[in-house]
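# below is the sequence, then the predicted model.
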Amino acid sequence: MDPIPREIFKISPDVKASIHKHAPVVALETAVMTHGLPHPINLQLAADMESIIIKAGATPATIGLIDGIIYAGLSHQQLVHLSETKVARKISQRDFGVAMATHCDGGTTVAGTAIIAHAVGIHVFATGGIGGVHRLAPFDVSADLPVLARTPIVVVCAGAKAILDLPATLEYLETMGIPVIGYQTDEFPAFYSHSSGLPVSQRADTPELVAEIARSHFGLGLRSAVLVTVPPPASAAIPAEEIESQIQSAVRQAHEQGIRGAATTPYLLERMSTLTSGRSLSTNLELLKNNAQVAAEIACALSRQPARMLIA
Ligand code: PSU
Ligand code: MN
């Protein structure tokens with residue numbers, strides 16, 4: 001892919017230096033800030049994820065748009081701004097051109113973040129849960145899936161959001177050639193819960209094995225992402241049978257209210273937080289921080305091995 005022209009995106013000096021040295025870098029999304037979490041929890045979470053990554057020996061690169069310019073490595077001041085603004089757009093693949101041309105602020109989704117991270121040469125990206133195939137809406141498939149199918153990057157997540165149709169989402173991942181690695185688990189995690197009853201392609205218990213799998217996958221020239229799924233920390237996880245009825249209520253309410261398109265995921269996550277009296281929100285925060293830690297360890301393991309990644 002031709003690099004994006006310089007004047008429309010900016011890489012912070014520390015991120016640029018780390019990429020140049022093949023030092024470990026972890027990309028972070030901002031849709032979770034602008035469209036997922038309430039203020040000021042969203043700002044605290046962004047700062048916490050960055051410090052976890054730094055403590056683990058990697059450089060965080062939080063990606064987002066300010067005034068139509070794409071940043072890889074937002075400053076603290078820019079994060080404060082994105083955490084507060086009410087007018088940020090949710091930026092998936094289709095939204096970049098519009099947001100850039102009209103000088104929007106924007107929070108990048110998994111799809112949007114993966115595109116930019118890969119374009120600037122970052123190999124690892126931490127998020128909460130990827131988008132997928134929605135329940136009760138057969139044509140609502142998140143752009144996260146087709147983008148991951150053609151973007152060679154390691155994505156660390158807690159599976160797909162449990163508000164989705166998880167079996168259908170896993171089938172899509174298989175069809176599109178995206179290996180699903182269970183990090184210290186044999187099961188595809190269900191975002192809020194450890195277990196979904198669905199198998200992963202392979203279990204990996206160490207960051208070194210994940211790095212070796214990624215190096216082999218990309219080294220072969222395969223262009224799909226490697227999806228690393230990490231169960232939420234045991235202390236914060238909610239058993240699937242305890243949360244399923246709230247998920248079903250939230251999905252039903254979205255359907256009844258006629259919620260569609262990009263508004264669906266933010267609506268469902270907000271409903272889940274209300275229906276669980278905030279319990280799902282704290283699970284969401286804990287798994288995001290845990291994923292930042294695991295992603296940083298994988299980025300460190302990748303940068304320790306001879307870099308032979310053919311994913312320019
Ligand atoms: N986390 C949240 N809220 C969100 C998202 C994550 O707490 O809205 C975003 C993610 O960035 C994910 C996106 O990529 O939702 C999926 O949305 P859609 O189904 O519209 O593609
Ligand atoms: Mn959608």
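Yes, it's here. Ligands and ions are numbered 1, 2, ... in the order given.

# what sits against the spatially most central residue of the chain?
Closest residue to the average C-alpha location of the chain: residue 127 at 2.9 Å, with CA atoms, centre = their mean. Residue 127 makes contact with 28, 29, 32, 110, 113, 155, 156, 157, 288, 291 under the criterion CB atoms under 8 Å, 6 or more residues apart in numbering. Just so you know, the C-beta spots here come from the backbone N, C-alpha and C atoms, and that holds for glycine as well.

# among those residues, which ones are in strands?
With DSSP state E as the criterion, strands contain 28, 155, 156, 157 from among the contacts of residue 127.

# most neighbours, which of these?
Compared across these, residue 28 has the highest neighbour count, 29 neighbours, by other CB atoms under 10 Å.

# ok, for that one, nearest residue in space, not its chain neighbours?
Nearest residue to residue 28, sequence neighbours excluded (CB to CB, 6 or more residues apart in numbering): residue 62, at 4.4 Å.

# mind checking pLDDT for the one you found?
The model reports residue 62 with a pLDDT of 98.

# and it, how many neighbours?
One way to gauge burial is a neighbour count; for residue 62, by other CB under 10 Å, it gives 28.

# surely it is in contact with residue 74?
Yes - distance between residue 62 and residue 74: 4.6 Å, which falls inside the contact criterion (CB atoms under 8 Å).

# now do the shared contacts for these two.
Residues touching both residue 62 and residue 74 comprise residue 30, with contact defined as CB under 8 Å, 6+ apart.

# want to throw the ones in strands among the contacts of residue 127 into TSV with distance to residue 176 and pLDDT?
Rendered in TSV, the data for the ones in strands among the contacts of residue 127 read as follows (distance: CB to CB, whole Å; pLDDT from 0 to 100):
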residue	distance to residue 176	pLDDT
28	24	99
155	13	98
156	18	98
157	16	98
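
# quick one: the helices in the stretch 101-250 of the chain?
For the stretch 101-250 of the chain, the helices defined by DSSP state H, counting those that start in this stretch cover 110-120, 144-149, 166-175, 207-219, 240-256.

# and ligand 1, which of those is closest to it?
For the helices of the stretch 101-250 of the chain, distance to ligand 1 was read as CB to the nearest ligand atom. The smallest value, 3.4 Å, belongs to helix 110-120.

# now the closest one: buried residues?
If you call a residue buried by 16 or more other CB atoms under 10 Å, then helix 110-120 has these buried ones: 110, 111, 112, 113, 114, 115, 116, 117, 118, 119, 120.

# near ligand 1, which residues of the chain?
For the chain, the residues in contact with ligand 1 under the definition CB under 6 Å from any ligand atom are 29, 31-32, 35-37, 92, 109-110, 128, 131, 142-144, 262, 265-266, 269, 284.

# could you check how far the residue lying closest to residue 279 once chain neighbours are set aside is from ligand 1?
On the basis of CB to CB, 6+ apart, the spatially nearest residue to residue 279 that is not a chain neighbour turns out to be residue 238, at 6.3 Å. Taking CB to the nearest ligand atom, to the nearest Å as the measure, residue 238 falls 15 Å from ligand 1.
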